[in-house]
Every structure is written in C-alpha cells, then in structure tokens.
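>>> Quick one: sequence and predicted model below, then my questions.
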2 protein chains.
Amino acid sequence: MAQASYSPGLEGVIATTTSISYLDTEHEQIVLRGYDLIELARTKRYTEVAYLTLYGHLPSAAELAGFEGQLREHAELPGEVYRLLDLLPRRMHVMDAQRTVLSFLAGLEDPESLKDTSVEANLRRGVRVLAQMPAVTANAYRALRGLPRVRPDPSLGFSEGFLYMLLGSRPDPDAVRVFDLTLVCYIEHEMPNSTFAARVIASTLSDLYGAVVGAAASLKGPLHGGANEAVAHMLLDILRHGGADAAEAYVVERLRRGERIMGFGHRVYMRRYDPRALLMREFVPQLAARRPEGEELVRIHQTVERVMHREKGLYPNADYPAGLIYYLLGIPIELYTPIFLVSRTAGLVAHVVEQHAHNRLFRPRVLYEGPRGLRP
Amino acid sequence: MAQASYSPGLEGVIATTTSISYLDTEHEQIVLRGYDLIELARTKRYTEVAYLTLYGHLPSAAELAGFEGQLREHAELPGEVYRLLDLLPRRMHVMDAQRTVLSFLAGLEDPESLKDTSVEANLRRGVRVLAQMPAVTANAYRALRGLPRVRPDPSLGFSEGFLYMLLGSRPDPDAVRVFDLTLVCYIEHEMPNSTFAARVIASTLSDLYGAVVGAAASLKGPLHGGANEAVAHMLLDILRHGGADAAEAYVVERLRRGERIMGFGHRVYMRRYDPRALLMREFVPQLAARRPEGEELVRIHQTVERVMHREKGLYPNADYPAGLIYYLLGIPIELYTPIFLVSRTAGLVAHVVEQHAHNRLFRPRVLYEGPRGLRP
C-alpha cells in the first residue's frame, strides 16, 4: 500500500496501467495503440482510427468494411428513444439530453446479458453505442429545438452521415474531410477526467452504459469538454464588441480581471502546443470563406492566440481550433461538446474493456480536516 | 507534483481533503462531521443526520422542522417524470431507471441557473433531489413492474413515507424505526467508489445532477452497492437448497470453487467488523417473525457469517445485515441498491458542495504498457 503524499486533483499520480494511449510530453507525441495520433489523423479516417482504438490494430480492408457495416447497421434508433426525445424539456442542455438517452439505452439490453463484462460483450455493446451516438446527438438537439427528426442515411459514411444529421443537409466533401479530422483528434487522450470517471465507475463492474454516462456527465463541465463551446462564444463576443482590432484589449482586460480564457493550456502539456491544435489550425484558413464573418473570426482567433502566448505563455489546446472549425462549418455551438463525446465514445469503450479485463476497484482515501470527538 | 509509485485502484492514495467524514480504522469509528456515525444512528433519525451531513451541524428543532418541511414540499414529482417512467422498458434494472430519471431531472432546472455551483445553489438543488428520490425510486420500480403509481403522502415523515411508497401500504412503527436506522447507516462513508466518481465528475464544474448520476452508475456495480441484493439472493438460494443445515456446506463449496461471497470484507476495514454491520445486526432477531421463512433465514445468515470468519477471517460489512433486514421488511430485492442510493444522496450532495467550493480538476496519469513507434 502506497501511503502517498497528497497531490490535489491526483496531479502526477498514476491511476492505472493501460495499453491504449499515452501523452508523451517529452517527445510531444500523443501515442495511440503505438501510433502517433497526428500521423493517424493525417492519413486515416475516423472509422479506421476507431477500429484501432477498440481492437488494438489498424483494420484490414475486410475488417474495416465489416466495422463500417456494423456502424451503419446499428445507426438507427429504436422507437422508444424517439419517444424519449419528444419528452425532453425544451430548455435542457444537449449534453444532459445525450446523457439521459445513453442512460436509457441500457434498458434496451436484457439485464442478464448486461452483466456480461467480457471483452467480446463489451466490444459488441460499445460498437452499437458508437453507431447510435450520431443519431442520438443530432436528434436530441433537434428535438430540443423543435426541429424535425433526421434519420441516419445508410448510404453515407460515419462522419458524413453524422455531419448530415447535425446540419440537416448534405455536407460537401471538404467539410466532411475536416470534420472527420476533428473527430480523429478527439477520439482518445490518455486519462482526462471523463475517461477517468468512466474507469472509476467501470471498476465496480458496473456496465458500459453507466461508465459512458459518467463520462458524459464529466465532459459537460466547463473545465473539460465545455471548453470548445466557450471558445466559440468568446470569438463571437469579440466580434460583437469591436472585432479583430479590439481582440487584444479584450483578452488583456479579461486577464486583468482574473478571468479565464478557455481553450488554452492543459495540465499535462503545461506550456507546450497541443499537437492536435497545431494540426487542426492548418485547416482553419480554407474554411474562413464559408461564413460571412469567417475571415474576421479567423483574425480574432489568431490575435487571441498571440496575446495569450505573450501575456501568459500559454498555447492553445485542441478545443481552441475545434471551436472555430465547427462554427465555420455551420454547426450550432451547443453541439460542440456533444460532438466531442461522440468521437470519444470509441476511446471510452476501449477503456471500459480494459478496466473490466484487468479490474481493480478504485477506492482511495481522504485527508480528514473536520472536527473530531463531538457527542450527539 | 508527486510522481507517485503506482497503487492499483488508488489503494491507500489520498484523493482529496474533506471535512465530511472519515473511516478511523484505528479506533474503529466512522466519523461524520465530528460525530460517531453509530452513536448518531442510535440517537437520531435520518433527516437529522442528513441535515448534519449537508450543513455540518446538528439541526435545532426549528432547523429540523424547516428541513423536513422542504423535503415534504419537494417530494412530489413533476408530470414529465411520470411520463418518463411510463416510457421505461419493462425489463430495465431499477438502478438504471433511477439513474435515467436523475439525469432527466437536470432538464427541469433552467440551464443558466444550473451553472451556479455556489454552496447555496448546490444545497438548494441537493435538498430538492433528496426530497424527490423516494418517489423516483418507488415509482420507477412500480412502473417497471406494472404496478400503480404511489404519490408521496405529505402527512408522513421521510423514512415512513419512503417505506410506504416502497411497500405500497402503511408500515408499522417498528418497521419504520429499523428502516430509518439502515438509512442512517448508509448515509455517508468517506470515499467509496460512488462518492469518488461524483467528486471526479464535479471537479470539471459539471453540475450536481451529473455527479449524482455518475454515483448511481457506480453504485450499480456488483463490487459496490449491488452487494446488499446479492446477499439476499444468496440467503434465499441457501433456503431453497437445504436451509440452515446446508449453509455451511454451501459456503465451503463456493469458496472451494473460488467464488466470492458478497457482503463480507471491505478494503478499508480489512479484517475488522464494520461498525454499521454490528449495529444493524442487533435489529435482525426482532424482525424474524415478519416473514414465514424469517427464522430460517436468520439462522442461515448467522451460519454463513460464522463460516466466513472461520474459513476466510472476514467479517460482514453493512450490506450483509441490510440485505436481510430489507427482505424481512418485505421490500422487493431489486430495490435494495436503489434504497442505498436514496440514503447516500445526502452524502453525495455534501461532497459535490465541498468539491465545488474547493475545486481542483481530477486528472491523473497512466503507466503506458502498449507498443511504441508504429507507423500507419
């Protein structure tokens, strides 16, 4: 038993062994199943990297076809789920709607079969959940906003079909390419809070649905997944208050007031550039013309980055370009964190599989600072 | 940064400071806000201990009346929740139903007000959730089993009203007294997996609903809350296969096959008697006559305990007597873990309040054991 010195937030504490991914800060590399995530993002599409994440090796052509076939086959939601979506309070946060549906999905599986936490059962279950996530996410949003339902189109690939449901119209190939790349960037990232929450929950031998529900709850938090939405809101706020010329003063003033600028810094990367942010940034200029305010937003984005580096020595993390890219693609802002969760589902499933296969219940201790010896 | 040696399951690792509760294994005491939980259970009722857990001091008569008034006022569920219950797949696990409803409840609060994570807002929200939990739990079960809805009866106290809804009929005072005592025993217990899951999630500044949803997902696991149901199932299994005379052989045979007997041992107590189990055990004999098979089940319960101590040196934990007590009270077995969650909601709310008030994002690291240097 390691009676450790106390490290708030478990900073620097090893929580588990894993063969899934690792942030190698020394070589500035995100390692996923042995590969450099950025190289994967440049050369592979989301479904290939999802297969790698889940099964531990890149798929052959036949394996990929089989996997994409499964994702297509399970993409449609059962009727009960649409009835649940119709019941959601209209003002509900999309993350909360997504989480509620995920929790509900557990009820569609036989409770006895749900107790099977073998690798095979978890992967089967996980692929089905991943397949359903795009329709869950797009239709949760649409139900909340009073928009008509969009059914999954089996003629489209995973990312194309997802973007189609998000937008309600057929996306062009350039949009699909960049969107798919952002999904690869978000797929897996060692042990962020949401993945940790999923593993903590799974360690009671609770099932995959519960673990993913816990991750969804975590990802909603503004210190975690919520950051990509905060970035878009900030860029638009600067646009409304003077545009690119006012961006520098805006950042300086917010920092002076002790406010946080979202999308910068990362506990593990510390003061380096998140490699995913560096990659995604490349694709920003080609998207600028897609919206009337696009060019101005890109200038604001560049200015804020420059000022943050000068003032605080901080570099962007993945949420910083992702928030802008999704906006330029015409995706409603409240969907950015839910999209993150859809992509991350592959990573979460892999972690639940691994946790159940080599389980040890998470049960830490505390440093008690309250009173003692009181009598009722 | 403490680059700690790796302790699987974070065993012995300090995860946080807290002023809520502490397992003092040296003095075999469960400390809750400075008091001995067992002394509280002997002298106070659940609502008093819930007030202490939430607000840090025992209530005055006026404070208690105000608190119980709030619990009564918020006990009824909004109409949407009953419609959701009607939609749940009939075969769903009660824990999954409870978790889905908790997730849904987030949508009934204004999303802007939900961002308020101040102590006051969290306590207000938490008291409302605690007030709703009995009706959520009883009616989730009833909806799944096709039983008619039971509305909260505002003339009854918290535990009496809860037991009334669970049974569908008015409980006698002896039953209420023992049931209330089990709720006190379950209210709070330092940093079990579910509380840890809630704090991990809350540390992203995600809201109280998400944190409690994560705890519900954790508690479902057979290595955690699921144990009290497993105890009841085992006792009935022995009853059907030879009764008390066959209990010794049953346990020995299961241990020989390497199977786990639930309700024994605890990572923190190690090889000591859980003080809650010791207290609850006192109340078992007086309940035995409540069911025809009661006396036989009590004998089986005693035999299994004796054999487990002789064979494995293990003592019962709280789930061991709780599983039997709930059965003798006539409560359906699938409700035992959901009842645990209802009681624990007070502890979880206190932890979310504390986490948000002194926040540090949980973000540990890993020991990567996978491949390196692969090229796509």
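In hand now; what should we look at? What you are looking at is a predicted structure, and each value in this text was computed from that prediction instead of being measured. Numbering: from 1, shown residues only, chains lettered A, B, ... in the order given.

>>> Can you give me the neighbour number for A:E369?
10 (other Cβ atoms under 10 Å in any protein chain shown). Where C-beta positions appear, they are placed from N, C-alpha and C, glycine not excepted.

>>> again with the one 4 residues further on
Burial of A:G373 is recorded as 9 neighbouring residues (other Cβ under 10 Å).

>>> Could you pull up the residues touching the closest residue to it other than its chain neighbours?
Nearest residue to A:G373, sequence neighbours excluded (Cβ to Cβ, 6 or more residues apart in numbering or on different chains): B:G34, at 6.8 Å. Counting by Cβ atoms under 8 Å, 6 or more residues apart in numbering or on different chains, B:G34 touches A:370-374.

>>> how near is B:G34 to B:A357?
18 Å (Cβ to Cβ, to the nearest Å).

>>> Indicate whether stretch A:273-281 makes contact with chain B.
No: Stretch A:273-281 stays clear of chain B (Cβ under 8 Å from any Cβ of the partner chain), getting no nearer than 14.2 Å.

>>> quick one, what contacts A:E253?
With Cβ under 8 Å, 6+ apart, A:E253 has no contacts at all.

>>> for A:E80, same thing?
A:104, A:108, B:87, B:89.

>>> that older thread, show me the two of the contacts of B:G34 that sit farthest apart.
The span of the contacts of B:G34, defined through Cβ to Cβ, is set by A:G370 and A:G373 at 11.0 Å.

>>> Now do the SS call for A:L147.
coil (DSSP: H, G, I helix; E, B strand; the rest coil).

>>> Can you verify my assumption that it contacts A:G168?
Yes: using Cβ atoms under 8 Å, A:L147 is in contact with A:G168, at 7.0 Å.

>>> and the lowest-mean-pLDDT helix or strand in chain A, what does it pack onto?
Lowest by mean pLDDT, DSSP states H and E among the helices and strands of chain A is helix A:111-114, with a mean of 91. On a contact count with 3 or more Cβ pairs under 8 Å, 6 or more residues apart in numbering or on different chains; DSSP states H and E, helix A:111-114 meets no helix or strand.

>>> Can you name the secondary structure element that comes next after it?
Downstream of helix A:111-114, the first helix or strand assigned by DSSP states H and E is helix A:119-144.

>>> starting at the chain centroid, how far to that following helix?
With Cα atoms, centre = their mean, to the nearest Å as the basis, helix A:119-144 stands 14 Å off its chain's centre.

>>> Could you do stretch A:64-74 as well?
21 Å.

>>> Could you confirm whether it reaches chain B?
No: applying Cβ under 8 Å from any Cβ, one finds stretch A:64-74 separated from chain B by no less than 13.2 Å.

>>> Identify the residues contacting that stretch?
Residues contacting stretch A:64-74 (Cβ under 8 Å, 6+ apart): A:47-48, A:50-51, A:59, A:127-128, A:130-132, A:152, A:154, A:157-158.

>>> what comes up buried for it?
A:64, A:67-68, A:71-72, A:74 (16 or more other Cβ atoms under 10 Å in any protein chain shown).

>>> go on, stretch A:295-307?
Quick answer for stretch A:295-307 (16+ other Cβ under 10 Å): A:296-301, A:303-305, A:307.

>>> Over to stretch A:369-376?
A:370, A:374.

>>> And for stretch A:120-129?
Buried, per 16+ other Cβ under 10 Å, within stretch A:120-129: A:121-123, A:125-129.

>>> Convert the C-alpha atoms of that stretch to PDB, please.
What follows is stretch A:120-129 as a C-alpha-only set of coordinates in PDB (Å, rounded to 0.1, in the frame of the first residue of the first chain):
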ATOM      1  CA  GLU A 120     -16.400  -9.600 -26.600                       C
ATOM      2  CA  ALA A 121     -19.600  -8.500 -24.900                       C
ATOM      3  CA  ASN A 122     -18.200  -5.000 -24.200                       C
ATOM      4  CA  LEU A 123     -16.900  -4.500 -27.700                       C
ATOM      5  CA  ARG A 124     -20.200  -5.700 -29.200                       C
ATOM      6  CA  ARG A 125     -22.100  -3.300 -26.900                       C
ATOM      7  CA  GLY A 126     -19.600  -0.500 -27.500                       C
ATOM      8  CA  VAL A 127     -19.800  -0.600 -31.200                       C
ATOM      9  CA  ARG A 128     -23.600  -0.500 -31.000                       C
ATOM     10  CA  VAL A 129     -23.500   2.600 -28.800                       C
END
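
>>> Show me how far stretch A:164-173 is from its chain's centre.
The answer for stretch A:164-173 is 20 Å, by Cα atoms, centre = their mean.

>>> got the end-to-end distance for it?
11 Å (Cα to Cα, to the nearest Å).

>>> Okay then, goodbye and thanks.
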